[in-house]
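In: 3D model of this:
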Amino acid sequence: MVSYMSWVIYGVGGIVVAGMALLVAFQEKLVYVPVLPGLTKSYPITPARLRLFFEDVWLTSSDGVRLHSWLIKFSPHSTGPTILFFQENAGNIAHRLEMVRIMLQKLHCNVFMLSYRGYGASDGYPSQQGITRDAQAALDHLSQRTDIDTSQIVVFGRSLGGAVGAVVAKNNPDKVAALILENTFTSILDMAGVLLPFLKWFIGGSTSKGPKILNFVVRSPWSTIDVIGQVKQPILFLSGLRDEMVPPFHMEMLYAKAAAHNKKCIFVEFPTGMHMDTWLAGGDHYWKTVGSFIQQNVLEKDDESHQKGHGMINHLHILC
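Out: Below you'll find the model as predicted:
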């Protein structure tokens, strides 16, 4: 009997170890979803189909990976503001084009859409370190353009894109004017237990009470909760209260962490917003919220800077 029970224990232990080994080996395939089930990696639609003013932009990340992106303009000569949009996890930038078309109409802005490595037409394979490099390459490209107002770059990240955007904003306080986060998680460590409940006993972040014995093997922790408190720019938090993927309290925690260090934070809830459709469910209120945030924290701030600059020039003239 003892021998039989020993074999059972060893067998179960072996299965657990094997399962964990597979989880460690293939975790990127669980975290990143460049291709939606039943669809191809290619773009199902382009900005040309929607008759948008756009430019195909090819970038090279700092580690040599070739990246594809679109700069879509409100009008051929529109200079700003320009939104650097970091998409959700599943699918590619083409799946966000209808939303971006409405964004242009409502906000009269330009939008830069980046295909993370491994997504869309971009080369490579996704990872946290790699996508962070990709996002920096996109911002660096925008910051060097002469056809937009580089003082009016707004980073907008949704879900996974919010984690990406928070890192970029933190690392570039001189290049990013403001940050917008929508339905973003506190960390992948916290999300592991939400998506795969058995993992909450082994992996966890700020909201976990488990032993967290496997945290060290997670290669893409995306700990937004640790980053957001270091962002100095104005931040707008957009939270869909019917989010079926990321529990809404994640956004509340991010806001609380940010607001403790940053007085320029705004939190707005949308009662019927789900993970992917808050922009749609929120209707005019959603776009007015975003538009007002950009107006007050980017456009008016830029006007004040110009006025101060002119005042300084006039003062110098008087002194001379």
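
In: please enumerate the helices of this protein.
Out: For the chain, helices defined by DSSP state H occupy the ranges 2-25, 27-31, 97-107, 128-143, 160-171, 188-195, 224-227, 249-259, 278-281, 283-294, 300-319.

In: for this protein, give me the ranges with low pLDDT.
Out: Applying pLDDT under 70 to the chain flags residues 1-30, 201, 206-210, 303-320.

In: which residue is nearest the middle of it?
Out: G161 (1.7 Å; CA atoms, centre = their mean).

In: contact partners for that one?
Out: G161 is in contact with F85, F86, Q87, E88, T184, counting by CB atoms under 8 Å, 6 or more residues apart in numbering. C-beta: built from backbone N, CA, C; applies to glycine.

In: turn those residues into TSV, including distance to Q152 and neighbour count.
Out: Listed next are the contacts of G161 as TSV, based on distance: CB to CB, whole Å; neighbours: other CB atoms under 10 Å:
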residue	distance to Q152	neighbour count
F85	15	26
F86	17	29
Q87	21	25
E88	24	20
T184	23	27
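
In: which of those residues lies closest to K301?
Out: For the contacts of G161, the residue nearest K301 by CB to CB is F85; the value is 20.8 Å.

In: correct me, but the closest one touches V111?
Out: Yes: with contact taken as CB atoms under 8 Å, F85 and V111 are classed as touching, separated by 5.5 Å.

In: what touches both of the two?
Out: Common neighbours of F85 and V111 (CB under 8 Å, 6+ apart) are V100.

In: from V194, how far off is K212?
Out: As judged by CB to CB, to the nearest Å, K212 and V194 stand 15 Å apart.

In: same deal with P173?
Out: 31 Å.

In: what's the answer for D149, then?
Out: Following CB to CB, the distance that separates D149 from V194 is 40 Å.

In: same deal with V290?
Out: On the measure of CB to CB, V290 and V194 end up 27 Å apart.

In: same check on T224?
Out: T224 is 14 Å from V194, by CB to CB.

In: before we move on, what about V176?
Out: From V176 across to V194, the span is 29 Å (CB to CB).

In: neighbour count winner among V290 and V194?
Out: V290 (24 against 15; other CB atoms under 10 Å).

In: which ones are touching that one?
Out: K106, L107, I180, L236, L238.

In: which of the residues you listed ranks first by neighbour count?
Out: L238 (26 neighbours).

In: I'd say V164 and A135 touch.
Out: Yes: counting by CB under 8 Å, V164 touches A135, with 5.1 Å between them.
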